[in-house]
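S.K.: quick one, structure for this:
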Amino acid sequence: MAKTQRWRRGRSAGEGTPVAASPEEISEETPEAAEATPDDDLGADPEQDLPAAAEDAPEDAPEDAPEGLEEALDDDLDADAHPPLPHVPDRSGLSGRLFGGRAPADVVALQLLQAAHAKQAITTALAMGLVAAIAGRPAREAGVVLVTVLVGQTILGWHNDIVDRQRDEAHGLTGKPIAAGRLDPGTAWYAVVVGFLLLLPLATTTGAKAGAFYGASVVVAMLGNIVLRTGFLSWWSWAVSFALLPAYLSYGGWGGQAVGSPPEPAIVVLAALLGIGVHFTRAVWGLVADHEDGWTYLPLKLGLKLGATRLLALSTIFTVVIVVLLVVVGARVGLSR
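M.R.: Numbering: from 1, shown residues only. Modelled structure (predicted):
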């Protein structure tokens, strides 16, 4: 009781300021006084006592988060908030505008065009159309002849690349779409079938007999891509297929009404020789690959003896001479009897 009175006198004397108690007084304090200490501590400003790192820490971050975890979480959130954009085709440039942003290698029509041996097809078609016009055929018939031969030569080009796809791939010929994998062989075969469905009505437009001769010419050329191609008689299909072309022109007539007449024998022989000349001229460009594959056809034998340059020169001269003879003989005796 006396100690309690002394504590009260000390409080009034210090005007509300508690006097530091001695160790004996602290030890004898009641439990209620000891429990008042945490309440006084909680009365202080918590923000002043928190460390600076705690103010910047995220609310939901774990206390013992490993180093770098917060950065990984931020990256995941950014990836979810900004998903990858879909591929947008590049439509810049001429090819981008023409092909809808696709690369030329992805356009099937362009790959079919490249596999069709377009130069040879266009040259042969123009030549046949010109011959038809010189022979006195009406313009519409000459136009049909041109389109028919163009389709037929295109079919032959596709078939040739289909047959040679393994050889072309082995020799690394990037200019062959089928061998390079840019054009599926099934797609090429489908194009061949569609081409024949288009060729039949075109060929018979100028007569059933004329259409039969031209169809036979295409079939023989296709057989030449497979049969006796690597041996001494490789020229046979070229000679026969070209020899059938004068009959296609001489028996023709618009709408199948004209019966026509057989072609002049001299024209047929010259046409066959022209086919052989074209065969030799074209073979020059593949002599190295054909020799590696063990072919023994006549152009290769001559090329090994004469050299590729001389063979090309002789083949070109031979072909030009035959063309001149066709013009001269055609002007004298005509195309048909």
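
S.K.: for the stretch 151-300 of the chain, just list every one of the helices.
M.R.: Secondary structure of the stretch 151-300 of the chain, counting by DSSP state H, counting those that start in this stretch: helices at 165-170, 177-180, 185-203, 208-224, 236-243, 245-250, 265-283, 287-292, 298-306.

S.K.: deepest-packed of these, please.
M.R.: helix 245-250 (a mean of 25; mean count of other C-beta atoms under 10 Å). Backbone N, C-alpha and C define where each C-beta goes, glycine included.

S.K.: what lies in contact with that helix?
M.R.: Helix 245-250 has contacts (C-beta atoms under 8 Å, 6 or more residues apart in numbering) with 128, 131-132, 135, 137, 145, 203, 210-211, 213-214, 217, 260-264, 267-268, 271, 335-336.

S.K.: what does stretch 115-132 give?
M.R.: Contacts with stretch 115-132, where a contact means C-beta under 8 Å, 6+ apart, come from 141-143, 145-147, 149-150, 153-154, 156-158, 160-161, 176-178, 183, 188, 245, 249, 252, 282, 330, 335.

S.K.: on that earlier part again, ok, which of the helices of the stretch 151-300 of the chain comes nearest L325?
M.R.: Judged by C-beta to C-beta, the one of the helices of the stretch 151-300 of the chain that comes nearest to L325 is helix 265-283, at 5.6 Å.

S.K.: can the helices of the stretch 151-300 of the chain go into CSV with extra columns for distance to T230?
M.R.: Putting the helices of the stretch 151-300 of the chain into CSV (distance: least, C-beta to C-beta, whole Å) gives the following:
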stretch, distance to T230
helix 165-170, 11
helix 177-180, 18
helix 185-203, 21
helix 208-224, 11
helix 236-243, 12
helix 245-250, 25
helix 265-283, 11
helix 287-292, 8
helix 298-306, 9
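
S.K.: adding distance to D106 and mean pLDDT, write the ones you listed out as CSV.
M.R.: Below are these laid out as CSV (distance: least, C-beta to C-beta, whole Å; pLDDT from 0 to 100):
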stretch, distance to D106, mean pLDDT
helix 165-170, 19, 92
helix 177-180, 11, 93
helix 185-203, 13, 95
helix 208-224, 29, 95
helix 236-243, 34, 96
helix 245-250, 37, 93
helix 265-283, 30, 95
helix 287-292, 28, 91
helix 298-306, 37, 93
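
S.K.: how many other residues sit next to E264?
M.R.: Neighbouring residues of E264 were enumerated by other C-beta atoms under 10 Å; the total is 19.

S.K.: list the contacts for it?
M.R.: Shown here is E264, whose contacts under the criterion C-beta under 8 Å, 6+ apart are 246, 329, 333-337.

S.K.: and which of those is nearest to A239?
M.R.: Using C-beta to C-beta, the contacts of E264 come closest to A239 at P246, 12.9 Å.

S.K.: and that closest one, how close does it get to G172?
M.R.: Counting by C-beta to C-beta, to the nearest Å, the separation of P246 from G172 is 40 Å.

S.K.: same question, A313
M.R.: Taking C-beta to C-beta, one finds A313 at 28 Å from G172.

S.K.: good, we can wrap up now.
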